[in-house]
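Turn this into a model:
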Amino acid sequence: MSLVTSSISVDEKKSVAYSDTSALLTQLKSDAEHLWLKEADSIALQQSLRDLDAAYQNFFKRDRGYTKFKSKRHHRLSYRTTSKSIGVEGKKLRLPKVGAIPFVQSKEFSGRILNATVTRTASGKYFVSLYVEDDLANHLKVNACSSVGLDVDLKEFCITSQGKIIANPKILRGLSRKLARAQRCLSRRKLDSRNRHKQRIFLTRIHERIAQTRLDFLHKLTTQFCRENQTIAVESLNIQGMLKNHHLARAISDASWGELPVKSDVLGMWLSKSAC
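Residues are numbered from 1 along each chain as shown. Below you'll find the predicted structure:
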């Protein structure tokens with residue numbers, strides 16, 4: 001990236017192309033000081049160069065933010081690779097340069113794997129997202145012709161047009177005392193100590209539990225609505241404006257109202273439904 005930064009021309013809106021950086025990568029692999037590049041997946045390295053080129057193209061053509069180096073203090077790391085050697089062998093996943101590793105498969109699929117994204121969370125857990133080519137006709141389609149309207153609320157998560165009340169799980173409130181206690185304990189730990197590192201991971205896992213529990217609740221709820229109804233209408237709210245109310249900001253953020261129409265729209269594409 002430092003080479004691209006030094007060769008960039010903001011006035012002419014030009015930067016080093018992917019073909020140039022790819023050729024430089026080949027030269028670096030033959031250099032004695034960079035032999036460690038041969039230990040990594042070559043496709044993953046090339047993919048990072050493509051992402052860099054796309055970032056600069058977005059900066060010049062779409063007025064996106066200027067690209068920058070990944071921070072070493074950012075604990076969430078990932079890489080993407082595309083190869084025919086990616087495959088599932090029973091309870092193991094085969095990745096280039098890594099080999100067959102045991103994993104827990106969350107969902108069955110029958111299509112062809114196009115690429116894999118390996119992510120390490122801040123707590124040290126590893127996840128793999130597989131991009132699979134499959135026919136939509138293989139997925140479940142429900143012939144429900146009914147429609148439903150959703151009115152969100154803080155006391156209850158939402159109320160449907162049929163009068164059904166969906167309880168608000170209030171996930172953050174249930175773990176707020178444990179979260180506050182872990183944060184106080186982290187603040188007392190000595191900087192760069194082993195105990196501080198252990199406490200940071202413990203605190204991160206609490207945050208992950210909150211986020212994953214909330215995500216699981218939204219996935220199950222939207223799946224139920226999409227399979228039972230053909231059209232889903234969700235109340236439109238100015239959530240950013242509502243968050244300025246400091247008395248209700250935490251409860252509104254915990255409810256995640258903004259994710260409800262997004263997940264309904266994405267899931268509706270798979271089940272041939274519509275969300276508005």
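
and the residue nearest to Ala233 when sequence neighbours are not counted, what element?
Closest residue to Ala233 apart from its sequence neighbours, by C-beta to C-beta, 6 or more residues apart in numbering: Gly149 at 4.4 Å. Backbone N, C-alpha and C define where each C-beta goes, glycine included. Using DSSP states H and E, Gly149 falls within strand 147-152.

C-alpha coordinates for whatever helix or strand comes next after that strand, PDB please?
Next in sequence after strand 147-152, counting helices and strands by DSSP H and E, comes strand 156-160. Extracted in PDB, the C-alpha atoms of strand 156-160 (Å, rounded to 0.1, in the frame of the first residue of the first chain):
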ATOM      1  CA  GLU A 156     -42.900  -5.000  23.500                       C
ATOM      2  CA  PHE A 157     -40.600  -5.500  20.500                       C
ATOM      3  CA  CYS A 158     -43.400  -5.200  18.000                       C
ATOM      4  CA  ILE A 159     -47.100  -5.700  17.600                       C
ATOM      5  CA  THR A 160     -48.400  -7.300  14.400                       C
END
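
Name the surrounding residues that touch stretch 92-105.
39-41, 43-44, 81, 83, 85-89, 91, 116, 118, 128 (C-beta atoms under 8 Å, 6 or more residues apart in numbering).

Among those residues, the buried ones, what's the PyMOL command?
Selection of the buried residues among those in PyMOL, burial being defined by 16 or more other C-beta atoms under 10 Å:
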select buried, resi 41+43+44+81+83+86+116+118
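
if we can go back for a sec, which strands and helices sit next to the strand holding Gly149?
With contacts taken as 3 or more C-beta pairs under 8 Å, 6 or more residues apart in numbering; DSSP states H and E, strand 147-152 sits against strand 156-160, helix 194-228, strand 231-234.

6 Å instead?
Here strand 147-152 touches strand 156-160, strand 231-234, going by 3 or more C-beta pairs under 6 Å, 6 or more residues apart in numbering; DSSP states H and E.

What residues of the longest one count as buried?
Applying a neighbour-count criterion of 16+ other C-beta under 10 Å, the buried positions in strand 156-160 are 157-160.

Between which two of the residues you listed is the distance greatest?
Maximum pairwise distance among the buried residues of strand 156-160 (C-beta to C-beta): 10.7 Å, between Phe157 and Thr160.

chain center to the host helix or strand of Ile101, what's the gap?
In the assignment (DSSP H and E), Ile101 maps to strand 99-102. Offset of strand 99-102 from its chain centre (C-alpha atoms, centre = their mean, to the nearest Å): 23 Å.

chain center to the following helix or strand past that strand, what's the gap?
Beyond strand 99-102 in the direction of the C-terminus, DSSP H and E gives the next helix or strand as strand 112-120. With C-alpha atoms, centre = their mean as the basis, strand 112-120 stands 13 Å off its chain's centre.
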